[in-house]
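Visitor: Any chance you could fold what I've pasted below:
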Amino acid sequence: DHNIEMLNKLETPTYNIKYILKMTYQDLIQLSLSELEFIKSAEPSETGGLAYYLEFKVGACIMISKNIDINDKLVIGRVGRLMKFKLNSESIVLAIYVKLDDGEAGCINKNSNLICRENDWVIIERVESIFSMKKKFSNSPSIQRTQFPLMLSWACTCHKFQGFKLTVCCYY
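Guide: Sure, this is the predicted structure:
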């Protein structure tokens with residue numbers, strides 16, 4: 001609730017980002033209503049760290065929710081500020097530019113893009129996660145979800161910060 005409250009205080013435009021689902025048509029038509037609802041409502045912990053739906057604004061405090069590049073320190077729990085959206089001609093979000101709190105994280109990523117290099121930002125793109133519904137539905141197929149590995153982070157559990165030097169930004 002706190003994350004949404006803080007997001008609503010930002011005066012920048014809202015971007016609603018749904019995941020991309022990849023599965024065969026044959027598998028899709030065989031799913032029950034409860035299986036379809038699970039795909040939509042499953043927690044990121046059940047879907048490889050990727051949310052069904054994201055609501056972001058420039059200025060939001062965010063956290064990486066799935067390891068992107070361990071060697072570049074782009075890992076679960078890394079926090080920062082959302083700086084800019086990269087959009088296509090139809091205003092679909094293609095990538096998200098983030099200023100990380102830890103200046104040592106994302107050095108390789110920052111050097112791979114001129115905008116990132118000039119602004120000390122990292123670019124976050126959608127990643128894929130394959131998860132199974134077999135724990136809840138025995139004969140269900142595997143699902144491939146593609147989404148940005150990010151979440152709001154004005155408020156989060158201590159567990160997410162475990163192992164990090166705690167210099168949290170969370171600007172108010």
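Visitor: And for the nearest residue to residue 60 once chain neighbours are set aside, the neighbour number?
Guide: Excluding the flanking residues, the one nearest residue 60 by Cβ to Cβ, 6 or more residues apart in numbering is residue 82, at 4.5 Å. Yep, even glycine has a C-beta here, placed from its N, CA and C like the rest. Look at residue 82: counted by other Cβ atoms under 10 Å, it has 23 neighbours.
Visitor: Just say helix, strand or coil for residue 82.
Guide: Here residue 82 is strand, with the state taken from DSSP: H, G, I helix; E, B strand; the rest coil.
Visitor: didn't it look like it was pressed against residue 63?
Guide: No: using Cβ atoms under 8 Å, residue 82 is not in contact with residue 63; the gap is 10.7 Å.
Visitor: Identify the contacts common to those two.
Guide: Residues touching both residue 82 and residue 63 by Cβ atoms under 8 Å, 6 or more residues apart in numbering: residue 150.
Visitor: What residues are bridge-paired with the residue nearest to residue 60?
Guide: In this entry, residue 82 is beta-bridged to residue 98, by DSSP bridges.
Visitor: measure it to residue 50 for me?
Guide: Distance, residue 82 to residue 50, by Cβ to Cβ, to the nearest Å: 17 Å.
Visitor: Likewise for residue 151?
Guide: Here residue 151 is placed at a distance of 10 Å from residue 50 (Cβ to Cβ).
Visitor: which residues do these two both contact?
Guide: 44, 65.
Visitor: Please say which of those two ends up with more neighbours.
Guide: When residue 151 and residue 50 are compared for neighbours, residue 50 comes out ahead with 24 against 21, by other Cβ under 10 Å.
Visitor: Tell me who's in contact with the more buried one.
Guide: 19, 44, 65, 66, 127, 129, 145, 146, 147, 148, 149.
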